[in-house]
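Q: Give the three-dimensional model of this entry:
(chains A and B)
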Amino acid sequence: MSEGLNHWTFVIAAYALGVAGTAALVAQSWIAMRRAEVRRERSRER
Amino acid sequence: MHGFANPARFLRLARMLTMPLLAIGIAMIALSLAWGLFGAPPEKLQGDSVRILFVHVPAAWLGMGGWSAIAVASLVELVWRHPLAGIGARAIALPGAFFALLCLVTGSLWGRPAWGTWWVWDGRLTSMLVLFFLYCAYMALADAASRDGQANSRIPSIFGLVGAVNIPIIHYSVLWWNSLHQPPSITMGKSEMAPEFLWGLLAATVGFSLLFGAVVLMRMRTILADQQAEARLRRRAMEGDDV
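A: Okay, the predicted model is just below:
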């Protein structure tokens, strides 16, 4: 174990990246799905 | 298995499962990460840096599990020509790449306080980096195939199968070669991990896996909706040409 380093800085960075990255992945997938499904519905109506 | 070859039947199931998987996954992740931050005790050798385990291990599991699923789907696509297998494999690629990258970054953040270095070119870290590059290459291949109008191309499937060679290399790398990375703490049926870490880690792994499943279903629904809209527009354009 490296002495003198504040471990909490690394822990918070890892958790923040994990949570923010996962949230971005879910949001991007959800928005892409909704857009594609709306596009499909519009193609049905035309 | 072929019962779900019908996209309409699959879409009904996917619509039913997406939100419950996402909601349960998010709840389990929130609880396990809260436990990792505030409940779990510091480890006697690694101190508080051990808390990174609750993000790093699920990310590693999903990075490797994602490619294993791509390999199985590729095999099903090549052998049985199952129409949803290729779509499933393409839907797994981006979340798999994300979790492989998250594993590398959180591992690096853990390595600095635990080993005194951000990175070493040993078997485990290097083979995990190779896995991330394999995901990038798979996405580029699948994207190129669908852009060229060859969505049913076999090349991404063959690549998905060949790339699976890297999975046992990642798993056994810490046993085959000298590494700063510790050997597996959890093996079939036994664990060397203290219960206060083990149960939180299992909850985090199940939570992230459920969320991964929900994301894959969303991406499969996206690909199917795009294909259906394009087919409809193409049919209409051809009918217009006939008139």
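
Q: Remind me what the biggest helix by length in chain B packs against, helices and strands.
A: If you go by DSSP state H, chain B has its longest helix at helix B:195-242. Contacts defined by 3 or more Cβ pairs under 8 Å, 6 or more residues apart in numbering or on different chains; DSSP states H and E place helix B:195-242 against helix A:7-45, helix B:7-34, helix B:53-80, helix B:83-115. From N, CA and C alone the C-beta is placed, and that goes for glycine too.

Q: How far does it sit from its chain's centre?
A: On the basis of Cα atoms, centre = their mean, to the nearest Å, helix B:195-242 sits 13 Å off its chain's mean C-alpha point.

Q: So B:V76 is in contact with B:H82, correct?
A: Yes: assessed by Cβ atoms under 8 Å, B:V76 is found in contact with B:H82 at 4.9 Å.

Q: ok so, going back, and the helices and strands packed on helix B:195-242 as CSV, adding mean pLDDT, mean neighbour count and distance to B:A194?
A: Listed next are those as CSV, based on pLDDT from 0 to 100; neighbours: other Cβ atoms under 10 Å in any protein chain shown; distance: least, Cβ to Cβ, whole Å:
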stretch, mean pLDDT, mean neighbour count, distance to B:A194
helix A:7-45, 94, 16, 18
helix B:7-34, 94, 16, 15
helix B:53-80, 95, 22, 11
helix B:83-115, 94, 23, 17
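
Q: Select, out of those helices, the one closest to B:L134.
A: Closest to B:L134 of the helices and strands packed on helix B:195-242 is helix B:53-80 (Cβ to Cβ; 6.9 Å).

Q: Tell me the residues on chain A that lie near chain B, please.
A: Residues of chain A lying near chain B by Cβ under 8 Å from any Cβ of the partner chain: A:1-2, A:5, A:7-8, A:10-11, A:13-15, A:17-19, A:21-22, A:25-26, A:29-30, A:32-33, A:36-37, A:39-40, A:42-44, A:46.

Q: ok, now which ones touch residue 43?
A: All of this is about chain A. B:228-229, B:232-233, B:236 (Cβ atoms under 8 Å, 6 or more residues apart in numbering or on different chains).

Q: Let me rephrase: I mean chain B.
A: B:50, B:197.

Q: Can you tell me who it pairs with across the strands?
A: Beta-bridge pairing of B:E43 under DSSP bridges involves B:G47.

Q: where does it land on pLDDT?
A: For B:E43, the pLDDT comes out at 85.

Q: Would you mind stating the distance between the residue nearest to B:L21 when sequence neighbours are not counted and A:R42?
A: Spatial nearest neighbour of B:L21, chain neighbours left out: B:A214 (3.9 Å); criterion: Cβ to Cβ, 6 or more residues apart in numbering or on different chains. The gap separating B:A214 from A:R42 is 25 Å, by Cβ to Cβ, to the nearest Å.

Q: same check, this time on A:A24
A: 27 Å.

Q: thinking the residue nearest to B:L21 is in contact with B:L22, fair?
A: Yes: in this structure, B:A214 is within contact of B:L22 by Cβ under 8 Å, at 3.9 Å.

Q: residues bridging contact with those two, i.e. touching both?
A: Common contacts of B:A214 and B:L22 (Cβ under 8 Å, 6+ apart): A:V26.

Q: so who does the residue nearest to B:L21 touch?
A: Applying Cβ under 8 Å, 6+ apart, the residues contacting B:A214 are A:26, B:17-19, B:21-22, B:25.

Q: Which pair in these has the greatest spatial separation?
A: Most distant of those, by Cβ to Cβ, are A:V26 and B:L17, 14.9 Å apart.
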